[in-house]
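Student: Fold the following, please.
(one chain, ligands or ions: 1)
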Amino acid sequence: MIELQGLTKRYGDKTAVDHLTFTVRPGVVTGFLGPNGAGKSTTMRMLLGLDTPTSGDVRIDGRHYAQLSEPLKHIGALLDAKAIHGGRTAYNHLLCIAQSNRIPAHRVSEVLETVGLTAVARKRSKGFSLGMGQRLGIAAALLGDPEILMFDEPVNGLDPEGIHWIRNLMKGLAAQGRTVFVSSHLMSEMALTAEHLIVIGRGRLLADTSMADFIEKNSRSYVRVRTPQPERFKDVLTAAGHTVVTTGDGSFEITGTEAAQLGELAAQHQLVLHELSPQRASLEEAFMQLTAESVEYHAHGAVTPGAPPPMPVAPGAQQWQQPPAAPPAQPGQPPQQQPGGQQWGSQWRNPGSGKGR
Ligand SMILES: Nc1ncnc2c1ncn2[C@@H]1O[C@H](COP(=O)(O)OP(=O)(O)OP(=O)(O)O)[C@@H](O)[C@H]1O
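Tutor: Next up is the predicted model:
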């Protein structure tokens, strides 16, 4: 179990993580969602003792990371798959971690088998593809057979087969009763993997809910109607007791009724319809709406056509700032400098891309 209590991290006058309080429980995959810069990685780094909280507390099975005598046997993490010594073979990379953490050497072959890298175990990791690097990072996380696993954006840049494999691996680990905490900026991905959801925006907790509840509350269904006689049809709909929302492109959105009823209503009043279509708002839209405040600054106020309206900005919300590069680090290994540091692109609006780290 992972417990956060008022966890806060400030870098100068920038608050990266703002009084986060939540618990990650065993037996389910918990998705940790938020747009770029929301504070996911900072939270995860504090959890692993790689960053010191400004205030608040984070505990792993009731203890601080630094208090764990053999931490990799309690928690395994994939923070940055590229933070490995490229000159070492996959086997030797894992063996180094095993030896420095009092983990028996036979675990190296076992985890290589689990992640499907046995055939390339003696190859240097600098020749590995992104997907192979992710698998090697996951193998390192699994090495100590920990009860808690944490993955930071594990599917970024992977092909469909790799994504499918990671999804099943995470579900399988949770089914064994382990605590699985996985960050993502893609709601659609989490909907397929996570049973529980923690959503943050600009360091603050926005939602702590089961995935089932989130889907039920946010999968809004409605009927879209387009007509060349909008004023007349609007009067007819209002007189029939329907609430009509007019969208930016002039079409109507009507909830709480069926397309067939609306079609009959239009026919009764001899109104022409150009479109009459049942719609279901996507979870991605619901998530974007929930985090709109955080994304607003990221997109410099740009509004995406067809996107849902942003939620009101919370009082005291901070302005977006361009962050300095922070070198990645892995638990159990020294931090390594990455050429170019982090990139801070607009992946939030482009779900297909990775974090660029
Ligand atoms: N080393 C640092 N120094 C200063 N500010 C930092 C540092 N690391 C992170 N930040 C700030 O903290 C905020 C949260 O960053 P973090 O990397 O935790 O977000 P994230 O949710 O993981 O985003 P992404 O998906 O883009 O990685 C950033 O907006 C950045 O301004």
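
Student: just the CA coordinates of the biggest helix by length in the chain, formatted as PDB?
Tutor: Ranked by residue count and defined by DSSP state H, the top helix of the chain is helix 160-175. These are the backbone C-alpha positions of helix 160-175, laid out as PDB (Å, rounded to 0.1, in the frame of the first residue of the first chain):
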ATOM      1  CA  PRO A 160       0.300  -2.300 -30.200                       C
ATOM      2  CA  GLU A 161       1.800  -5.700 -29.300                       C
ATOM      3  CA  GLY A 162       4.000  -4.000 -26.600                       C
ATOM      4  CA  ILE A 163       1.100  -2.000 -25.300                       C
ATOM      5  CA  HIS A 164      -1.100  -5.200 -25.100                       C
ATOM      6  CA  TRP A 165       1.700  -7.000 -23.300                       C
ATOM      7  CA  ILE A 166       2.200  -4.300 -20.700                       C
ATOM      8  CA  ARG A 167      -1.500  -4.000 -20.000                       C
ATOM      9  CA  ASN A 168      -1.800  -7.700 -19.400                       C
ATOM     10  CA  LEU A 169       1.400  -7.700 -17.200                       C
ATOM     11  CA  MET A 170       0.000  -4.900 -15.000                       C
ATOM     12  CA  LYS A 171      -3.400  -6.600 -14.600                       C
ATOM     13  CA  GLY A 172      -1.700  -9.900 -13.900                       C
ATOM     14  CA  LEU A 173       0.500  -8.400 -11.200                       C
ATOM     15  CA  ALA A 174      -2.500  -6.800  -9.600                       C
ATOM     16  CA  ALA A 175      -4.400 -10.100  -9.800                       C
END
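
Student: May I see the buried residues of it?
Tutor: Of all the residues in helix 160-175, those buried under the rule 16 or more other CB atoms under 10 Å are 162-163, 165-167, 169-171, 173-174. Glycine gets a C-beta too; all of them are placed from N, C-alpha and C.

Student: quick one: average confidence on whatever helix or strand comes next after it?
Tutor: On the C-terminal side of helix 160-175, the closest following helix or strand by DSSP states H and E is strand 179-184. Over the span of strand 179-184, the pLDDT mean works out to 95.

Student: Give me the angle between strand 179-184 and helix 160-175.
Tutor: With axes from the mean of the first three to the mean of the last three CA atoms, to 10 degrees applied, the angle from strand 179-184 to helix 160-175 works out at 150 degrees.

Student: For strand 179-184, which strands pair with it and how are they oriented?
Tutor: Paired neighbours of strand 179-184 in the sheet (DSSP bridges): strand 29-33 (parallel), strand 148-152 (parallel).
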